[in-house]
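In: Based on what follows, work out the 3D shape:
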Amino acid sequence: MALYKVEICGVNTSKLPLLKGEEKDALFERIKQGDKEARELYIKGNLRLVLSIIQRFSNSNENVDDLFQIGCIGLMKAIDNFDITQGVKFSTYAVPMIIGEIRRYLRDNNAIRVSRSLRDTAYKAIYAKEMLLKKNDKEPTVCEIANEVGISQEDIVAALDAIQSPVSLYEPVYSEGGDTLYIMDQVSDKKNKEENWVEEISLKEAMARLSPRENNIINLRFFQGKTQMEVAEEIQISQAQVSRLEKNALKNMRNYLMDK
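Out: Okay, here's the model as predicted:
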């Protein structure tokens with residue numbers, strides 16, 4: 001992989017901007033208010049971070065432009081999910097997400113070679129899907145994604161199908177303070193509503209033994225089908241804390257039910 005290239009994905013890496021701390025804080029305040037221009041400036045101001053990370057994969061045979069593009073997807077995900085109130089530096093949060101995105105790409109890309117144009121289309125579709133989901137709070141249709149990126153539905157489906165690869169639900173995506181978050185923690189459960197879970201009174205008894213916070217988390221996660229990120233935003237704690245409390249609550253419930 002040639003990292004000596006000055007221009008990567010049309011970006012002159014020798015002229016990448018560098019944001020100061022106060023500039024980052026000001027931009028993030030604007031980003032949280034929905035300012036798209038601030039978001040673009042923040043992305044550009046952190047491209048050096050992406051560039052430094054892809055250098056760790058210099059032994060890879062992958063095209064540097066591809067890795068840079070994947071790293072940028074990880075960067076954008078980090079920006080969209082970063083909680084400024086947690087007192088963690090953005091780079092601390094973003095680095096594992098960018099690395100994880102690149103590693104998943106390298107793993108998924110080993111078995112079958114997919115053309116550059118198909119991958120580009122797929123990346124655009126995935127990014128558009130995430131933005132539409134965040135904006136409308138519902139899963140976008142293929143038609144909506146196609147309209148967003150300006151590509152036909154047939155091409156969108158073909159591109160997404162080409163890059164499909166099985167991923168373990170236990171694939172780690174982020175770690176904070178020793179608590180690892182997995183893909184399964186990011187998945188919203190739309191099926192396990194209350195009518196499916198509460199079939200036996202013993203379950204309610206087990207939940208009654210939880211602390212009020214744990215009880216609330218279990219209710220939001222499994223009765224209302226919310227993701228850990230959504231729960232964290234609602235009760236104003238970090239996603240890592242939600243994960244820890246959820247696992248502890250489930251363990252206590254399991255122990256109670258097994259002892260009955």
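In: how about low-confidence regions in the stretch 51-200 of the chain?
Out: 59-60, 108-115, 162-200 (pLDDT under 70).
In: Isn't A128 up against I151?
Out: No. Using C-beta atoms under 8 Å, A128 is not in contact with I151; the gap is 9.3 Å. Where C-beta positions appear, they are placed from N, C-alpha and C, glycine not excepted.
In: so what's R39 closest to, chain neighbours aside?
Out: Leaving aside its chain neighbours, R39 sits nearest to I31 (5.0 Å; criterion: C-beta to C-beta, 6 or more residues apart in numbering).
In: Could you tell me which residues make contact with the one you found?
Out: A38, R39, Y42, I79 (C-beta atoms under 8 Å, 6 or more residues apart in numbering).
In: Quick check: buried residues in the helix or strand containing the first one?
Out: Spelled out, it's A38. Element membership for A38, per DSSP states H and E: helix 36-45. Buried residues in helix 36-45, counting neighbours by 16 or more other C-beta atoms under 10 Å, are found at A38, R39, L41, Y42, I43, G45.
In: From A94, how far out is the fifth one?
Out: The reference is to I43. Note on I43: its distance to A94, by C-beta to C-beta, to the nearest Å, is 11 Å.
In: what do those two both touch?
Out: Residues touching both I43 and A94 by C-beta under 8 Å, 6+ apart: L75, I79.
In: Can you give me the distance of the residue nearest to F90 when sequence neighbours are not counted to Y93?
Out: Excluding its sequence neighbours, the residue lying closest to F90 (C-beta to C-beta, 6+ apart) is F82, at 5.9 Å. Noted for F82: a distance of 5 Å to Y93, by C-beta to C-beta.
In: same check, this time on Q236
Out: Taken as C-beta to C-beta, the span from Q236 to Y93 is 17 Å.
In: These two - which one has more neighbours?
Out: Y93 (18 against 8; other C-beta atoms under 10 Å).
In: In contact with the residue nearest to D25 when sequence neighbours are not counted, which residues?
Out: Nearest residue to D25, sequence neighbours excluded (C-beta to C-beta, 6+ apart): I84, at 7.7 Å. By C-beta under 8 Å, 6+ apart, the contact set of I84 is D25, F28, K32.
In: Repeat that for V149.
Out: Contacts of V149 (C-beta under 8 Å, 6+ apart): T121, K124, A125, A128, I156.
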